[in-house]
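[1] The sequence and its predicted three-dimensional model are supplied below.
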Amino acid sequence: MPQVRCGNLGLGVAFLALGFAMPAGLKRYYGQGHLHFITFSCYRRLPLLKTVRARDIFVEELRKVREETEFRLLGYVVMPEHVHLLMSEPKHGSPSTVLQKLKLRVSRRMRNPTKFGGAVRLQLPFQEEGGPPRAFWQARFYDFNVYTKGKKTEKLNYMHANPVTRKLVKHPKDWLWSSWSYYWKGEPGLICIDVVE
């Protein structure tokens, strides 16, 4: 039986950071007991998660969806225009259904926070032809099956280095929206991290 401990967050993905399109013909491999390194982006890779409030909303909704669908979260990072997750398959649904639920909730809260508990409508950092964007998220996501300890470590390191590589901070400890502090300092972060031993 895997042990589960509470801790911090972390995320990251390479080809998206370079601005490439999501590859066509992605295949999803579920039901094999693997972890999944998932990357998904904001609409047109716009920095819709560039504010502290936007990233906090994302983490809050991630926590809720995780409790409902019962997946294990091993790492994450929330960047201004994309997100990386290292997660198990959920007890209820698949990683695809988790992402669908998570994206929908974040997008609803960002577009209409007064309806979902916020005081004032958030201003998105851009407009399309004088109005709000057509979508908050790109429609697809990248999913890489992780089934070795070495690959798990590689993906966690990649996620945690992402804010430094992008020059958002000088050290991973300075980016609150990642699991770095759990893995390197043993401190709880914004969301509980599950460690499978």
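    Noted; the coordinates are in hand.
[2] Figure out the helix or strand that the residue most central in space within the chain lives in.
    Of all residues in the chain, the one closest to the mean position by CA atoms, centre = their mean is residue 83, 3.7 Å from it. Residue 83 belongs to strand 82-87 when assigned by DSSP states H and E.
[3] Please enumerate residues in contact with that strand?
    Strand 82-87 has contacts (CB atoms under 8 Å, 6 or more residues apart in numbering) with 10-13, 16-17, 35-42, 45, 49, 58, 62, 71-77, 95, 98, 146, 152, 155-156, 158-159, 162. Glycine gets a C-beta too; all of them are placed from N, C-alpha and C.
[4] where does this structure dip in pLDDT?
    Applying pLDDT under 70 to the chain flags the ranges 1-33, 113-133, 197.
[5] Same question for stretch 146-162: list its buried residues.
    Under the neighbour-count criterion of 16 or more other CB atoms under 10 Å, stretch 146-162 has 146, 151, 152, 155, 156, 157, 158, 159, 160, 161, 162 buried.
[6] Among those, which are located in helices?
    Among these, the ones falling in helices (DSSP state H) are 151, 152, 155, 156, 157, 158, 159, 160, 161, 162.
[7] what sits against the second one?
    With CB under 8 Å, 6+ apart as the criterion, the residues that contact residue 152 are 35, 74, 86, 146.
[8] ok, 7 Å please
    Going by CB atoms under 7 Å, 6 or more residues apart in numbering, residue 152 touches 35, 146.
[9] quick one: it from residue 89, how far?
    Distance, residue 152 to residue 89, using CB to CB, to the nearest Å: 15 Å.
[10] related to what we said a few turns ago, tell me which of the contacts of strand 82-87 fall in helices.
    16, 17, 58, 62, 95, 98, 152, 155, 156, 158, 159, 162.
[11] burial count for the nearest residue to residue 85 once chain neighbours are set aside?
    Distances taken as CB to CB, 6 or more residues apart in numbering place residue 38 nearest to residue 85, at 4.5 Å, with adjacent residues excluded. Residues lying near residue 38 (other CB atoms under 10 Å) number 21.
[12] Verify the stated contact: residue 38 with residue 95.
    Yes - with contacts counted by CB atoms under 7 Å, residue 38 reaches residue 95, the gap being 6.3 Å.
[13] any shared contact partners between those two?
    What both residue 38 and residue 95 touch, as defined by CB under 7 Å, 6+ apart, is the set 87, 143.
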